[in-house]
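K.L.:
Structure for this input, please:
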Amino acid sequence: MARINVERVIDKLEYELKTALKKAVEITAPDKGIDYQVLFKEFKKQAVKNCKQWEMIESNAVDTD
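P.N.:
Numbers count the residues shown, from 1 in each chain. Have a look, this model is predicted:
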């Protein structure tokens with residue numbers, strides 16, 4: 001098992017997560033005029049709120065250099 005800091009992971013993957021979230025919204029709710037910056041900020045807030053600061057994940061989900 002390994003521990004990850006959820007907020008740091010989101011921060012590290014911010015660009016990739018914003019891109020994926022934007023594409024998902026464009027597919028599922030096109031033409032809704034959603035502010036993606038606000039949506040991502042709220043997503044991060046809720047993820048940090050709903051997860052423990054340090055979450056345990058399976059060792060096969062991480063690779064250390």
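K.L.:
Quick check: the residue nearest the centre of the chain vs Val38, distance?
P.N.:
Taking Cα atoms, centre = their mean as the criterion, Ile10 is the residue nearest the geometric centre of the chain, at 4.8 Å. Ile10 sits 16 Å away from Val38 when distances are taken as Cβ to Cβ, to the nearest Å. For the C-beta atoms, the positions are set from N, CA and C on the backbone; glycine is no exception.
K.L.:
my read is the residue nearest to the centre of the chain is in a helix, agree?
P.N.:
Yes. Inclusion of Ile10 in a helix is indicated when DSSP: H, G, I helix; E, B strand; the rest coil is applied.
K.L.:
Could you report the neighbour count for the closest residue to it other than its chain neighbours?
P.N.:
Beyond its immediate neighbours in the sequence, the residue positioned closest to Ile10 (Cβ to Cβ, 6 or more residues apart in numbering) is Lys44, lying 5.2 Å away. A count of neighbours around Lys44, defined by other Cβ atoms under 10 Å, yields 17.
K.L.:
wait, Lys44 sits on Arg8?
P.N.:
No. In this structure, Lys44 is not within contact of Arg8 by Cβ atoms under 8 Å, at 11.3 Å.
K.L.:
what about the strands in this protein?
P.N.:
2-5, 54-57 (DSSP state E).
K.L.:
which of those sits most buried?
P.N.:
Neighbour counts (mean count of other Cβ atoms under 10 Å) averaged over each of those peak at strand 2-5, with a mean of 14.
K.L.:
right, and Val62 touches Val9 too?
P.N.:
No. Using Cβ under 8 Å, Val62 is not in contact with Val9; the gap is 10.4 Å.
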